[in-house]
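S.K.: Here's my sequence, what's the structure:
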Amino acid sequence: MSANRSPATVRVGLVTDEPIRLEGLVSIFELQTPGGTRFLPVTGSVDELLRFSDLDCLILGRTSSRGGLEILQQIRRLRPAIRQIVIGPLGNDELIQQSIIAGARAYLDPAAGPEVVLKAIEEVMTGDIWVPRRVLSRLIDRLLTISESSFADTSPHLTDREQEVLDLILMARSNREIAAKLGIEERTVKAHVGRLMRKTGADNRIELSVRALNDRQIPGRVTPERRSGGSGSAQENRGK
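M.R.: Residues are numbered from 1 along each chain as shown. Sure thing, here's the model as predicted:
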């Protein structure tokens, strides 16, 4: 099935127990424009969608209960490559943090428009995290309280370019913004981010940021004070 797909195609699973919301999500993908990333929506239960070997992204319409968080964790264990997006209330910062820790890469307001949803999918597929700036900042502070013993004892060696990319990640810049800033291609940025994650043992950009902010993990220019440059969400850096 996946062998016949274009590299610019993203298969998106949609899960919600609200028929009206499901219909609205499906309709979002009718707004796609020629020449851009092609999104292929598919609906069903979590168990049904996980049977698709080529599923790239999963949008979950409800995680307000403890069971919802357990579902995120289960998906992360079974299919860590799937990018999970949660649609839920934005008034509960603790729930948003728990959802990201459990495995979500984005958390969207139920009132988010089609353009925002499509943009969020594009961003998480490049490795970005899409959450309100205040929540990401608090989440990093929370994770920084983890004992240093949880990190590797040896500090990885970073090239000058990897250090530049890492500095911009700590300023919550997207891959596209990093590429423009450094004058390199976006695919080159993705390669640098991948190497940074492998060198630090991080599973995602938040964990990479936390490890970088721990000065025993990565020496050099990156220190906790660097966060004054702004940890935040992709959409808020674009003026949302």
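S.K.: Is the nearest residue to Trp130 once chain neighbours are set aside in a helix, a strand, or coil?
M.R.: Once flanking residues are discounted, Trp130 sits nearest to Ala106: 3.7 Å by Cβ to Cβ, 6 or more residues apart in numbering. The C-beta positions use only the backbone N, C-alpha and C, and glycine is treated the same way. Following DSSP: H, G, I helix; E, B strand; the rest coil, Ala106 is assigned to strand.
S.K.: pLDDT value on Ala106, please?
M.R.: Confidence at Ala106, expressed as pLDDT, is 93.
S.K.: in the chain, which segments are predicted with low confidence?
M.R.: The chain contains residues with pLDDT under 70 at 1-7, 31-35, 62-67, 143-155, 213-240.
S.K.: tell me how far the ends of stretch 23-37 are from each other?
M.R.: End-to-end distance for stretch 23-37: 21 Å, by Cα to Cα, to the nearest Å.
S.K.: make that stretch 30-49, sorry
M.R.: OK, stretch 30-49 end separation, Cα to Cα: 20 Å.
S.K.: Go through it and flag the buried ones.
M.R.: Across stretch 30-49, burial judged by 16 or more other Cβ atoms under 10 Å covers Phe39, Pro41, Leu49.
S.K.: ditto for stretch 122-139
M.R.: Of the residues in stretch 122-139, 122-133, 135-139 count as buried by neighbour count, 16+ other Cβ under 10 Å.
S.K.: Same question for stretch 93-102.
M.R.: Across stretch 93-102, burial judged by 16+ other Cβ under 10 Å covers Leu95, Ile96, Gln97, Gln98, Ser99, Ile100, Ile101, Ala102.
S.K.: Which of the buried residues of stretch 30-49 fall within strands?
M.R.: Among the buried residues of stretch 30-49, DSSP state E puts Phe39, Pro41 in strands.
S.K.: Domain map for the chain?
M.R.: By the assignment in automatic domain parsing, the chain contains the domains 2-125, 141-237.
S.K.: Would you mind identifying the next helix or strand past the longest helix along the chain?
M.R.: The single longest helix within the chain, with elements called by DSSP state H, is helix 186-200. Downstream of helix 186-200, the first helix or strand assigned by DSSP states H and E is helix 205-213.
S.K.: residues in contact with stretch 119-134?
M.R.: Stretch 119-134 is contacted from outside by 10, 12, 37, 39, 56-57, 59, 83, 85, 90, 93, 96, 100, 105-108, 112, 136, 139, 172, 174-176, 186, 190, 193, 204-206, 230-236, using Cβ atoms under 8 Å, 6 or more residues apart in numbering.
S.K.: give me the number of residues near the residue nearest to Trp130?
M.R.: Using other Cβ atoms under 10 Å, Ala106 has 27 neighbouring residues.
S.K.: List the contacts of it.
M.R.: When contacts are counted by Cβ under 8 Å, 6+ apart, Ala106 touches Arg83, Gln84, Ile85, Val86, Ala120, Ile121, Glu123, Val124, Ile129, Trp130, Val131.
S.K.: and the gap between it and Arg195?
M.R.: Per Cβ to Cβ, to the nearest Å, Ala106 is found 24 Å from Arg195.
S.K.: Same check on Leu55?
M.R.: Counting by Cβ to Cβ, the gap from Leu55 to Arg195 is 26 Å.
S.K.: okay, those two: which has more neighbours?
M.R.: Leu55 (21 against 16).
S.K.: now Gln25: how far from Ile101?
M.R.: No Gln there; residue 25 is Leu. Distance from Leu25 to Ile101, by Cβ to Cβ: 24 Å.
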